[in-house]
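Colleague: any chance you could fold what I've pasted below:
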Amino acid sequence: MLQICLGGVCIPVHLLLAFFVAWAHRHGYLLFLREEWFTFRYWKQQFSRAKDAVVSKAEGVTESEKKNE
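Modeller: Below you'll find the model as predicted:
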């Protein structure tokens, strides 16, 4: 496993990946990425939407039927 060591402290590189991606995005290197993709709130919302869609399909209700109600 690749590590960065400063003095007596060593940090695995995979733990720094999210920070490097966010830094690069803020400085304009990764403009195709959205900052909200790196937040817990965004992913929680995405998973709750997916869960609702699976439940709706299991019940046999389509999105257009929901809008008509």
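Colleague: what lies in contact with stretch 14-33?
Modeller: Stretch 14-33 is contacted by residues Met1, Leu2, Ile4, Glu35, Phe38 when judged by CB atoms under 8 Å, 6 or more residues apart in numbering. Heads up, the C-betas are built off the backbone N, CA and C, glycines and all.
Colleague: ok, now with 7 Å
Modeller: Outside stretch 14-33, the residues within contact range by CB atoms under 7 Å, 6 or more residues apart in numbering are Glu35, Phe38.
Colleague: mind listing what's buried along it?
Modeller: Of all the residues in stretch 14-33, those buried under the rule 16 or more other CB atoms under 10 Å are Val21, His25.
Colleague: what about it, average pLDDT?
Modeller: Mean pLDDT, stretch 14-33: 81.
Colleague: how far does that stretch sit from its chain's centre?
Modeller: When distances are taken as CA atoms, centre = their mean, to the nearest Å, stretch 14-33 is centred 13 Å away from the chain's centroid.
Colleague: for it, list the C-alpha coordinates in CSV.
Modeller: Backbone C-alpha positions of stretch 14-33 (Å, rounded to 0.1, in the frame of the first residue of the first chain) are rendered in CSV as follows:
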residue,chain,number,x,y,z
HIS,A,14,-6.3,6.3,-0.9
LEU,A,15,-7.5,8.3,2.1
LEU,A,16,-6.3,11.5,0.4
LEU,A,17,-8.0,10.9,-3.0
ALA,A,18,-11.2,12.7,-2.2
PHE,A,19,-9.3,15.8,-1.0
PHE,A,20,-7.1,15.8,-4.1
VAL,A,21,-10.1,15.6,-6.4
ALA,A,22,-11.9,18.4,-4.5
TRP,A,23,-8.8,20.6,-4.6
ALA,A,24,-8.3,20.0,-8.4
HIS,A,25,-11.9,20.8,-9.0
ARG,A,26,-11.8,24.1,-7.1
HIS,A,27,-8.7,25.1,-9.1
GLY,A,28,-10.4,24.4,-12.4
TYR,A,29,-8.7,21.1,-13.4
LEU,A,30,-11.8,18.9,-13.2
LEU,A,31,-14.6,21.1,-14.4
PHE,A,32,-16.8,18.1,-15.5
LEU,A,33,-17.2,17.0,-11.9
